[in-house]
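>>> Can you look at this prediction? I've put the sequence above it.
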Amino acid sequence: MTAVTQAPCAHTTLRRRLTALPGAVEDSPFKLAVRVFIVGGKMFAVTSMDDAPGWVTLKGTPEDNEIDRAEYPAVRPAWHMNKRYWNTIALDGSVPGDVLTEMIRASHALVVQGLPRAARPARQEETHA
């Protein structure tokens, strides 16, 4: 079976997907090119805005992370992170856009679930990028 590769995810599209989530805030605590996306003061995504094709690091359950790594060569254990819970995804187009969007939503949801109720963002309609 031949893998189908889509166009790489553009940085602006990725930023739109990440910031559209309830309570999501963009920051750059490390260096300008590395952007961190947080909710309730906790990180749910890290991405590079100047690398080509780029990458995004997202939180996941250990089970989902293993499945994604087995299915997509572009998904690898995250560097400098707890490799059970974090994956880095190369934005080369080999992970379908809808799958990447679901990974982003799952990362956000996992972090929100771990927040105290008072720190959780109010539910709002997401804008779909």
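Good, I have the coordinates.
>>> Can I take it that residue 108 is in a helix?
Yes - Residue 108 forms part of a helix when assessed by DSSP: H, G, I helix; E, B strand; the rest coil.
>>> So it is in contact with residue 25, correct?
No - look at residue 108 against residue 25 with CB atoms under 8 Å: they stay out of range, at 11.7 Å. To be clear about C-beta, it is placed using only N, CA and C from the backbone, and glycine gets the same treatment.
>>> and those two? which has more neighbours close in?
Between residue 108 and residue 25, counted using other CB atoms under 10 Å, residue 108 has the larger neighbour count: 25 against 14.
>>> So for the more buried one, what's the pLDDT?
The score at residue 108 is 97. That number is its pLDDT.
>>> Could you check how far it is from residue 120?
11 Å (CB to CB, to the nearest Å).
>>> With residue 97 instead?
From residue 97 across to residue 120, the span is 27 Å (CB to CB).
>>> repeat for residue 54
In this view, residue 54 and residue 120 are 29 Å apart by CB to CB.
>>> sorry, back to before: overlap in contacts, residue 108 and residue 25.
The overlap between the contact sets of residue 108 and residue 25 (CB atoms under 8 Å, 6 or more residues apart in numbering) consists of residue 39.
>>> circling back to that earlier point, so what's in contact with residue 108 and residue 120 at the same time?
Residues within reach of residue 108 and of residue 120 at once, by CB under 8 Å, 6+ apart: there are none.
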